[in-house]
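1. Sharing a sequence plus its predicted fold:
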Amino acid sequence: MTAVTAEGVCRRYGQRWALADVSFEVPEGALVMVTGRNGSGKSTLLRVLATAIRADRGSVHILGLEARLERQSVRQKIALLGHRTHLYEPLTALENLMVAARFLGRDARRQPLLARLEEVGLSDRGDDPVQTFSAGMRQRLALASVLQQEPRLMLLDEPYGHLDPSGFQLVDGLLQRLRRQGSTVVMATHLLARGQKICDQALVLEAGRLAYSGSAAQMPQPAGADEADGA
Amino acid sequence: MPKSLVRSGGLVVLGVVFLAAGSYWGLAKAPAELFMGDVQRIMYVHVPTAWNAMLALTFSFVCAVCYLLTNSWKWDSRLEAGMEMGVVLSILLCIQGSIWAKPTWGVWWDWDPRLTTTAVMVFAFGAILALRASVEDPARRAVWSAVSCIIAFVDVPVVYLSVKWWNSLHQAQSSPETV
Amino acid sequence: MNHLLVALRKDLLLQWRGRAQVIATFAFGAAALLLFSFAVGPDSAALREHAGGFLWLGLLLASTLSLAESFEREMEERALEGLLLLPASPRGLYYGKAIANWANLALLGVALVPIMVVLYDAGTPRLFSLLLVILLGTAGLSAPGTLYAAMTSQTRARQTLLPLLLYPLVVPVLLAAVKATSLLILGDPMGQLRPWLVLLGAFDLIHWSIGALLFARVVED
């Protein structure tokens, strides 16, 4: 089945259309990269798919469910790693995971959660408040939290963002794992070469419009690819 | 000329005509009241203002509910219009009340429950207009105004009741001439 | 229901972590009570007569500080959005936050009572009834306050908008709570306390219901 079907999706902020008539399909189990210049609408698109915001026009179907009418059901199947970390600054890393785990009805005891922190390399900082974390550490914690949700569709907005090389490996490893589990991944990223290596499908946004939708390998290179790649 | 402009223009003209006719009737033609004299004439303006203020705010409440149910911009525009009217009329109501109170009771404000509730409503709905002015996203502005309007409107009877009880412990009965 | 308990636990934990702020809010309330007495003058009889009013005014002013603070943490990293996407029930999130805010305000109210007693010579032997008035009154502040705090924390003019929106709505709470408190302090020979408690209860019932109904619309897009 298709993981995502977007038809004529439009979203405005005041007078500006952040997304204009975006239509595409993502088959289940695919790894899709979404790319484009700053302000081209990547984050907005991910947030629409995550049901964090609504499309003003057009329709979105996620795993067979209509995003607007069946929002709660859609949310059970997806997870978003957004630009903001969704973390509580005064709480510790473990406490943040605990809150999410409890809402999800999962095991919220110390040991299993410490194991999750271990996966992202934060097991020694479990009892420190997030306030004291660097941007990279916050990102790792956000990653741990989102993995906890075990989504069928994972939405990642610049997952490599603040991470160091070991962090890059972490994300790559996680992507492989999600792939093996059969989850679908839609990832916004500036790292074109890296993305092309891992992803099957690519969506290129330009000023809110879809300029390219197809195989990642055949994606048109932007004039003067200036992104620092770390490939 | 666009149809809407003709319609609005026509309504304005009609309003001015009625206002002029009503003013003449109330200020000149009707006899002075037996006990209160000419001061009573303010009732000819005060009572309709009160009805219209309540009507405008009730209309706003209906628009708010309709907006939340339909998400249509039409209802948001009507909501804004209704609230603006309601606030302006309520302010007028308070001013008229003061004009009546000074020669009658000797004070500008006599804590009459209806008037006091109106004053509270001026602030409640005025605050919603202030909220509208500070939210840029139109969709959010519409939802938040509708929600605030519903809460404020539902609160009106509670405010009235509490002021009535509160006042009754302090003041003697209002004069029977109070409409 | 489960989400309510999880949310409540989270909010109480956040309150506990932010307890330095609570002390500052208490100091603000106490300072307000002091300033009121300066406004009236060293007239013991007058101060005692209006002690109920001063207490609730002080509490009302301090409440906007603590209510606004309760959503700072939710919005700074979009934590609330994160919870909604889990998905967490908006109703549960509202009640969790509103109950935690209620506890905070009730504690504040109780803490200000000794200040009131000392500054205005306004004590009462009916402590249980006073506690009841504080509980019912602060519940009336918390329900609409939590909803509007959620709203205004997402705007720019949040400092002024929250009190502007909240104060007119809670006039019944102010009137009833002040009246009830004054009756307890000054004496209630004709047994007039009950109707004011009923009014507070009715207000609370109305606003705790519609608050939950409307919260989802306020925090979702």
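-> Nice, thanks for sending it over.
2. Quick one: name the residues of chain B near chain C.
-> With C-beta under 8 Å from any C-beta of the partner chain as the criterion, chain B comes near chain C at residues B:68, B:120-121, B:123-124, B:127-128, B:130-131, B:134-135, B:139-140, B:143-144, B:146-148, B:150-152, B:154-155, B:158-159, B:161-163, B:165-166, B:169. (C-beta placed from N, C-alpha, C; glycine too.)
3. which secondary structure elements does the host helix or strand of residue B:151 contact?
-> Using DSSP states H and E, residue B:151 maps to helix B:138-168. Helix B:138-168 sits against helix B:43-70, helix B:73-105, helix B:113-133, helix C:127-152, helix C:158-169, helix C:171-186, helix C:193-219, with contacts defined as 3 or more C-beta pairs under 8 Å, 6 or more residues apart in numbering or on different chains; DSSP states H and E.
4. Quick one: distance of that helix to the chain centre.
-> Offset of helix B:138-168 from its chain centre (C-alpha atoms, centre = their mean, to the nearest Å): 13 Å.
5. residues near residue 22, how many?
-> Answering for chain A, as no chain was given. 24 (other C-beta atoms under 10 Å in any protein chain shown).
6. wait, chain B
-> 13.
7. returning to that earlier point: and the helix holding residue B:151, what's buried?
-> By neighbour count on 16 or more other C-beta atoms under 10 Å in any protein chain shown, the buried set for helix B:138-168 is B:139, B:141-153, B:155-156, B:158-163, B:165-167.
8. Same question for stretch A:22-29.
-> Residues of stretch A:22-29 classed as buried by neighbour count (16+ other C-beta under 10 Å): A:22, A:24, A:26, A:29.
9. hmm, back to that, what's the closest of the helices and strands packed on helix B:138-168 to chain A?
-> helix C:193-219 (10.2 Å; C-beta to the nearest C-beta).
10. What average pLDDT does that closest one get?
-> Model confidence over helix C:193-219, given as mean pLDDT, is 96.
11. Report the buried residues of that helix.
-> Counting neighbours by 16+ other C-beta under 10 Å, the buried set in helix C:193-219 is C:193, C:196-197, C:199-200, C:202-204, C:206-208, C:210-212, C:214-215, C:218-219.
12. Report the distance from the host helix or strand of residue C:22 to the chain centre.
-> According to DSSP H and E, residue C:22 maps onto helix C:19-40. Offset of helix C:19-40 from its chain centre (C-alpha atoms, centre = their mean): 15 Å.
13. So for residue A:217, which of the helices and strands packed on helix B:138-168 sits nearest?
-> Closest to residue A:217 of the helices and strands packed on helix B:138-168, according to C-beta to C-beta: helix C:193-219, at 41.7 Å.
14. OK, contacts around residue 39?
-> Picking chain A for this. residue A:207 (C-beta atoms under 8 Å, 6 or more residues apart in numbering or on different chains).
15. How is it assigned, secondary-structure-wise?
-> Classification of residue A:39 using DSSP: H, G, I helix; E, B strand; the rest coil returns coil.
16. Apart from its neighbours in sequence, what residue is nearest the closest residue to chain B within chain A?
-> The nearest approach of chain A to chain B comes at residue A:14, 6.0 Å away (C-beta to the nearest C-beta). Excluding the flanking residues, the one nearest residue A:14 by C-beta to C-beta, 6 or more residues apart in numbering or on different chains is residue B:136, at 6.0 Å.
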